[in-house]
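Asker: From the sequence below, what's the structure:
(2 chains)
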Number of protein chains: 2
Amino acid sequence: MTDRRLVSATERVFNFSPGPAVLPLPVLERAREEMLSLPGVGISVLEISHRSPAFDRILEETLQELRGLVGIGNDHEVVLLQGGASLQFSMVPMNLLRGVNRPADSIITGTWGATGLKEARREGKVHVAWDGAATHYDRLPAPDEIKLSTNPAYVHMTSNETIQGVQWKNEPEVGDAPLVCDCSSDFLSRPIDISKYGLVYACAQKNAGIAGVTAVIIRKDLLERSRDDLPSMLDYRTHVKNDSRPNTPPVFAVYIFGLVCRWVRENMGGLASMARHNVAKAQLLYDVIDASGGFFSGHARPDCRSDMNVTFHLPNEALEQEFISCAAQRGLVELKGHRSVGGIRASIYNAMPVPGVECLRDCMVDFQSAHASQAGLKTQS
Amino acid sequence: MTDRRLVSATERVFNFSPGPAVLPLPVLERAREEMLSLPGVGISVLEISHRSPAFDRILEETLQELRGLVGIGNDHEVVLLQGGASLQFSMVPMNLLRGVNRPADSIITGTWGATGLKEARREGKVHVAWDGAATHYDRLPAPDEIKLSTNPAYVHMTSNETIQGVQWKNEPEVGDAPLVCDCSSDFLSRPIDISKYGLVYACAQKNAGIAGVTAVIIRKDLLERSRDDLPSMLDYRTHVKNDSRPNTPPVFAVYIFGLVCRWVRENMGGLASMARHNVAKAQLLYDVIDASGGFFSGHARPDCRSDMNVTFHLPNEALEQEFISCAAQRGLVELKGHRSVGGIRASIYNAMPVPGVECLRDCMVDFQSAHASQAGLKTQS
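Answerer: Alright, predicted model coming up:
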């Protein structure tokens, strides 16, 4: 963030922030172009009424793009909410757990799962079906390690844990229980079979847009669980009935969300293509880690490491700090790992371009060459 | 919205929308300028981490500007939340009413007060101290009409009702009870003596910025009422303790909020000057209404009509529809009154420039000249 070369409003660095995160340049350029006036409207998108024909069109196009991109059928409703995934930690159990006399189950694979669990327990009974805390959330459970209760109200999981860099590759087997997934950090990064899910939620500021809007995809039959005494704004039915605008929605965040969906379809070829792209980017970094002879050591085990957040350590904290400084000199920023895990975290969401990842890869290789001998470790060839 | 002349992304109309609403042009221009990269940072404000030094600075400057502009002292905390004023309809009683064994009182002067009452009653007991429904919310109560309960948990009011166009000019007398005010539609439009309030909340998209962020100003002692079983994100203490970012805040909406605060101070001379400006703008329209001999008839009674939302009728609905069309031909848009009141509503918040109001005034005068005789009414001289 302090690279001395940066002075203008057009030069850009490579931003590895875990979220809010890098956005596609065409999306930023479009937003800039329309900042004073939406063509044909004469009003900025920041100023249009949420009941205007201009926003009708934006909202409709955004939801259509999202439904088409993800493949959301008629069994599921889609709403765009405020409050982030953190508010969903409460809204999910408020809506799906208060109405039933059974516990919810939760599979905890990292910090966000654990945080959500605490909130869910304020609303009702939750059974922990598996918790990876014993090994610092470096892995996923084997199928036979997941101990579901007899008839859970739902089973909650986190598809990708940004802090530890652990990502599910396939859904766990949960029988007839509705699967509820916090997809905040890998939503729109790969195909997802929505028919397997009761509810999916995702804040936008990783792969799908800017902070301030959260997508919730919910199977229609689950809406019947919400009780009438819920605060209106926390009742999913309010948002479904009112097309995501019972009150003023975050208009600009919805607009950017729509532009990003369109970019994934038009520029990146849809979710299957997007996923190939993302896997290839992550592989560039994991190859360096795997070939480093231990100079770089991944936090997550290889079979469950994330294509979104590449987490690793160097031999000691001083070297990690030096690496972060060296990277900043090359215009690679926001690489510091979360304080609870330490080390390095490179978040390489959809919009991180390949050249950014290549720069980081080169920086890692060069850094190891320069420092491996002093740490008593081998240099990459 | 359908003016045929508008085709480019730079031409702008005069937007009388009740919110989201017109923004200051310098704010839009600044946002456009920095859309690809914050100078010295190399990252768009849409992409910066909420834990980055760049956002630290934006948040700190925004809160400082707000505190300075409004005159918020050390007795009150300020937090910036998501969910709009509608979520505050629930959060206020969740935090301030659940913890006490007394009812809250509510003074209902329009649609928003009535909507908030419904939500508050889901959380606890509420006594209606006055309700203007009998005369379609066209007036404020006289002091002796307000029937407070003995020792209310708080007294809720709405400083300006956007739909009816009714605005308080001074605070009602509520004794020792904390006064809680929904200031959504006149916040930053005039000075406010925060020391008289227990809690003030205001969504940004009228006078203070864009949809997606809501300011809450709360007297510190009231924070002690919140109970520990509240969902974290709905507990004011969570946001106070974590400087408005327990999770990812709506970064861009906060940034615009800060730019608008600075514009009010630097360009408009602060709140006292802003208020004179707003009163003068409203007077331009009320003068036409008052001199129209009944051709234009205000919804709100003259002693409580709003400087923010000028609501009026024409002799019949057909003329109202024609007036809206004529205004649109002059580039004056979003003038249709709310369906519950009908007629015309001109929202002339802080950022509506004087030329916009003058155009509307001229349009009204010309329209009356052209149509008064056919409606059997006199022409303005």
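
Asker: Show me how chain A divides into domains.
Answerer: Here the domain assignment for chain A is A:14-21+A:270-373, A:29-266, based on automatic domain parsing.

Asker: Could you look over those and pick the most buried one?
Answerer: Most buried of the domains of chain A, by mean neighbour count (mean count of other C-beta atoms under 10 Å in any protein chain shown): domain A:29-266, with a mean of 21. For every residue, glycine as well, the C-beta is placed using N, CA and C.

Asker: okay, how far is it across it, tip to tip?
Answerer: With C-alpha to C-alpha, to the nearest Å as the measure, the first residue of domain A:29-266 is 16 Å from its last.

Asker: avg pLDDT for it?
Answerer: For domain A:29-266, mean pLDDT is 97.

Asker: what residues does the stretch 201-350 of chain A put near chain B?
Answerer: When proximity is defined as C-beta under 8 Å from any C-beta of the partner chain, the stretch 201-350 of chain A approaches chain B at A:203, A:205, A:210-213, A:229-234, A:246-253, A:256, A:331, A:333-334.

Asker: Distance to residue B:121 added to the domains of chain A, as TSV?
Answerer: Putting those into TSV (distance: least, C-beta to C-beta, whole Å) gives the following:
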stretch	distance to residue B:121
domain A:14-21+A:270-373	37
domain A:29-266	10
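
Asker: Those: which one's closest to residue B:132?
Answerer: Proximity to residue B:132, assessed across the domains of chain A by C-beta to C-beta, is greatest for domain A:29-266 (22.1 Å).

Asker: so how far is the closest one from its chain's centroid?
Answerer: Centre-to-centre, domain A:29-266 and its host chain are 10 Å apart (C-alpha atoms, centre = their mean, to the nearest Å).

Asker: Might you report the residue contacts of the residue nearest to residue A:168 when sequence neighbours are not counted?
Answerer: By the measure of C-beta to C-beta, 6 or more residues apart in numbering or on different chains, the closest residue to residue A:168 outside its immediate chain neighbours is residue A:159, 5.2 Å from it. For residue A:159, the contacting residues are A:167-168, A:181-183, A:185-186, taking C-beta atoms under 8 Å, 6 or more residues apart in numbering or on different chains as the criterion.

Asker: Close to chain B: what parts of the stretch 51-200 of chain A are there?
Answerer: For the stretch 51-200 of chain A, the residues in contact with chain B (C-beta under 8 Å from any C-beta) are A:52-54, A:82-87, A:89-90, A:94, A:118-119, A:122-123.

Asker: Show me those that map onto helices.
Answerer: Helix and strand membership here follows DSSP state H; of these, those in helices are A:53-54, A:84-87, A:89-90, A:94, A:118-119, A:122-123.

Asker: and which of the residues you listed is nearest to residue B:293?
Answerer: residue A:53 (35.2 Å).

Asker: What separation is there between that closest one and residue A:67?
Answerer: Look at residue A:53 and residue A:67: by C-beta to C-beta, to the nearest Å, they are 21 Å apart.

Asker: Packing partners of whichever strand or helix holds residue A:105?
Answerer: Mapping residue A:105 onto the secondary structure by DSSP states H and E places it in strand A:104-108. When contacts are defined as 3 or more C-beta pairs under 8 Å, 6 or more residues apart in numbering or on different chains; DSSP states H and E, strand A:104-108 sits against helix A:111-123, strand A:126-131, strand A:155-158.

Asker: and with 10 Å instead?
Answerer: The contact analysis (3 or more C-beta pairs under 10 Å, 6 or more residues apart in numbering or on different chains; DSSP states H and E) places strand A:104-108 against helix A:84-96, helix A:111-123, strand A:126-131, strand A:155-158, strand A:179-182.

Asker: Need the ones you listed in JSON lines (columns: distance to residue B:344).
Answerer: Shown next, in JSON lines, are those (distance: least, C-beta to C-beta, whole Å):
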{"stretch": "helix A:84-96", "distance to residue B:344": "38"}
{"stretch": "helix A:111-123", "distance to residue B:344": "46"}
{"stretch": "strand A:126-131", "distance to residue B:344": "53"}
{"stretch": "strand A:155-158", "distance to residue B:344": "50"}
{"stretch": "strand A:179-182", "distance to residue B:344": "47"}
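
Asker: Report all helices and strands that the longest helix anywhere in chain A contacts.
Answerer: In chain A, ranked by residue count with DSSP H as the criterion, the top helix is helix A:271-290. When contacts are defined as 3+ C-beta pairs under 10 Å, 6+ apart, helix A:271-290 sits against helix A:53-70, helix A:251-266, strand A:297-298, strand A:309-313, strand A:344-347, helix A:354-371.

Asker: Pull the distance from that helix to the chain's centre.
Answerer: Shown here is helix A:271-290, whose average C-alpha point lies 16 Å from the average C-alpha point of the whole chain (C-alpha atoms, centre = their mean).

Asker: between that helix and helix A:53-70, how big is the angle?
Answerer: Orientation check (axes from the mean of the first three to the mean of the last three C-alpha atoms, to 10 degrees): helix A:271-290 against helix A:53-70 gives 60 degrees.

Asker: May I have helix A:271-290 as CSV, with CA atoms only?
Answerer: Below are the C-alpha coordinates for helix A:271-290, written out as CSV (Å, rounded to 0.1, in the frame of the first residue of the first chain):
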residue,chain,number,x,y,z
LEU,A,271,-18.5,-20.7,-14.4
ALA,A,272,-16.9,-23.9,-15.8
SER,A,273,-14.4,-21.8,-17.7
MET,A,274,-13.9,-19.5,-14.7
ALA,A,275,-13.1,-22.5,-12.5
ARG,A,276,-10.4,-23.8,-15.0
HIS,A,277,-8.9,-20.4,-15.0
ASN,A,278,-8.9,-20.2,-11.2
VAL,A,279,-7.5,-23.7,-10.7
ALA,A,280,-4.6,-22.8,-13.1
LYS,A,281,-3.9,-19.6,-11.3
ALA,A,282,-3.7,-21.4,-7.9
GLN,A,283,-1.5,-24.1,-9.4
LEU,A,284,1.1,-21.5,-10.4
LEU,A,285,1.6,-20.8,-6.7
TYR,A,286,1.1,-24.3,-5.3
ASP,A,287,3.7,-25.6,-7.7
VAL,A,288,6.3,-23.1,-6.2
ILE,A,289,5.3,-24.2,-2.7
ASP,A,290,5.5,-27.9,-3.5
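
Asker: So what angle separates the directions of that helix and helix A:354-371?
Answerer: 10 degrees.

Asker: Show me what the mean pLDDT comes to for helix A:271-290.
Answerer: pLDDT averaged over helix A:271-290 equals 98, rounded to a whole number.

Asker: for stretch A:362-374, same thing?
Answerer: Along stretch A:362-374, the predicted confidence averages to a pLDDT of 90.
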